[in-house]
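A.B. asks: No sequence on hand, only this structure:
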């Protein structure tokens with residue numbers, strides 16, 4: 001088993017949906033005006049500008065993958081608009097659930113995306129819920145295996161296939177609501193490894209690579225390199241936009257990935273629409289909804305979520321909607337303004 005599989009294992013136990021309080025400019029554009037308000041002067045691009053009324057309450061479904069006799073629970077965050085919307089997928093970390101990382105789904109939906117959060121049976125919250133405190137970590141470590149990795153990877157095309165069917169199914173809540181010509185893939189920890197696999201990472205000795213050609217861009221939270229083999233062999237042919245996010249304290253309690261393992265992915269990627277954010281003092285849990293057992297920082301930095309939301313949204317807008325203003329914001333000086341002085345931001 002590679003370190004990549006073993007390291008993608010944050011204890012992302014099911015957390016309550018939380019609403020985060022962001023600094024000025026998140027809910028409304030500057031000067032209190034709505035993004036939709038008419039003005040003689042064009043409103044500057046702002047990936048944090050949302051109106052919560054633009055999103056509907058999420059819906060929960062269970063996908064039945066008959067070929068594998070497997071269920072895949074999903075939570076779907078939707079914009080209020082009935083026009084077909086670009087689809088984003090999210091894969092949780094080890095021990096997590098479809099309810100995790102709600103702050104991402106809520107924000108992306110308010111920005112006009114349909115965000116589908118997958119739950120991977122076998123490496124989800126069911127691993128630890130009935131194990132009891134003493135055995136929970138043992139059960140989690142056992143679940144961080146190659147079999148569950150392959151199950152996760154196969155869940156992604158199964159979900160896309162079902163979304164395609166629902167989009168044309170008369171009477172379904174998602175009928176006609178999905179633009180599946182543009183798909184973004186994302187995930188944290190074990191979900192990051194899942195995302196890497198379906199969006200371009202190469203696996204030696206495998207004739208059939210797990211990449212799904214329907215995916216157009218990837219957001220990878222807590223990336224990692226394989227334990228064996230050359231990182232450039234694994235990532236050197238990634239030809240789609242990738243945005244990597246990690247932190248200077250991004251080490252999971254389960255697994256062997258070091259910060260060096262996380263930082264080694266970006267240099268191995270080829271030039272062209274590749275980005276890396278390293279948040280100062282951000283622990284593994286910084287990308288989730290709440291702190292995790294074993295965290296050393298006494299307080300979470302609220303600007304971490306603000307930066308994650310801003311950069312991820314601009315990335316989706318730039319590469320899935322082909323928004324020139326978003327691309328200019330992402331590649332210019334504006335992106336630095338949502339970061340703190342010791343955060344690192346680079347692209348190539």
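C.D. replies: That came through fine. Quantities reported herein were computed from a predicted structural model and do not represent experimental measurements. Residues are numbered from 1 along each chain as shown.
A.B. asks: contacts and neighbour counts: CA atoms only from here.
C.D. replies: Fine.
A.B. asks: Tell me which stretches of the stretch 1-150 of the chain form strands.
C.D. replies: Using DSSP state E, counting those that start in this stretch, the strands found in the stretch 1-150 of the chain span residues 55-65, 70-79, 85-91, 114-118.
A.B. asks: Determine which of these approaches residue 129 most closely.
C.D. replies: strand 70-79 (16.7 Å; Cα to Cα).
A.B. asks: where's the residue nearest to residue 323 when sequence neighbours are not counted relative to residue 182, distance?
C.D. replies: Closest residue to residue 323 apart from its sequence neighbours, by Cα to Cα, 6 or more residues apart in numbering: residue 317 at 5.6 Å. Distance from residue 317 to residue 182, counting by Cα to Cα, to the nearest Å: 11 Å.
A.B. asks: So, low pLDDT: which residues of this structure?
C.D. replies: Scanning the chain for pLDDT under 70 picks out 1-40.
A.B. asks: related to what we said a few turns ago, wasn't the residue nearest to residue 323 part of a helix?
C.D. replies: Yes - checked against DSSP: H, G, I helix; E, B strand; the rest coil, residue 317 lies within a helix.
A.B. asks: ok, it touching residue 328?
C.D. replies: No - taking contacts as Cα atoms under 8 Å, residue 317 lies outside contact range of residue 328: 10.9 Å.
A.B. asks: more crowded one of these two?
C.D. replies: residue 317 (21 against 15; other Cα atoms under 10 Å).
A.B. asks: Quick check: that one vs residue 78, distance?
C.D. replies: Separation of residue 317 from residue 78 (Cα to Cα): 16 Å.
A.B. asks: again with residue 311
C.D. replies: From residue 311 to residue 78 the distance is 20 Å (Cα to Cα).
A.B. asks: Compare those two (neighbour count), which wins?
C.D. replies: residue 78 (29 against 26).
A.B. asks: Tell me the bridge partners for the more buried one.
C.D. replies: Per DSSP bridges, the residues bridged to residue 78 are residue 56.
A.B. asks: Contacts only, for it.
C.D. replies: Listed by Cα atoms under 8 Å, 6 or more residues apart in numbering, the contact partners of residue 78 are 55, 56, 57, 58, 109, 110, 112, 113, 114, 115.
A.B. asks: got JSON lines for those residues, with distance to residue 344 too?
C.D. replies: What follows is these, written out as JSON lines (distance: Cα to Cα, whole Å):
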{"residue": "55", "distance to residue 344": "32"}
{"residue": "56", "distance to residue 344": "34"}
{"residue": "57", "distance to residue 344": "35"}
{"residue": "58", "distance to residue 344": "33"}
{"residue": "109", "distance to residue 344": "27"}
{"residue": "110", "distance to residue 344": "27"}
{"residue": "112", "distance to residue 344": "28"}
{"residue": "113", "distance to residue 344": "27"}
{"residue": "114", "distance to residue 344": "29"}
{"residue": "115", "distance to residue 344": "27"}
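A.B. asks: If any of the residues you listed are buried, give me the PyMOL selection for them.
C.D. replies: The buried residues among these can be selected in PyMOL (16 or more other Cα atoms under 10 Å) with this line:
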select buried, resi 55+56+58+109+110+112+113+114+115
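A.B. asks: Which one of the contacts of residue 78 is nearest to residue 70?
C.D. replies: residue 115 (21.5 Å).
A.B. asks: Nearest residue to the closest one in space, please, no chain neighbours.
C.D. replies: Closest to residue 115 by Cα to Cα, 6+ apart is residue 88, at 4.6 Å.
A.B. asks: That neighbour and residue 156, how far apart?
C.D. replies: For residue 88 relative to residue 156 (Cα to Cα), the value is 11 Å.
A.B. asks: More neighbours: which of the two?
C.D. replies: Neighbours of residue 88 and residue 156, each counted by other Cα under 10 Å, are more numerous for residue 88; the result is 27 against 24.
A.B. asks: could you list every residue that touches the more buried one?
C.D. replies: Applying Cα under 8 Å, 6+ apart, the residues near residue 88 are 113, 114, 115, 116, 183, 184, 185, 186.
A.B. asks: export those to a markdown table and tack on distance to residue 84?
C.D. replies: Shown next, in a markdown table, are those (distance: Cα to Cα, whole Å):
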| residue | distance to residue 84 |
| --- | --- |
| 113 | 9 |
| 114 | 9 |
| 115 | 13 |
| 116 | 14 |
| 183 | 12 |
| 184 | 15 |
| 185 | 18 |
| 186 | 20 |
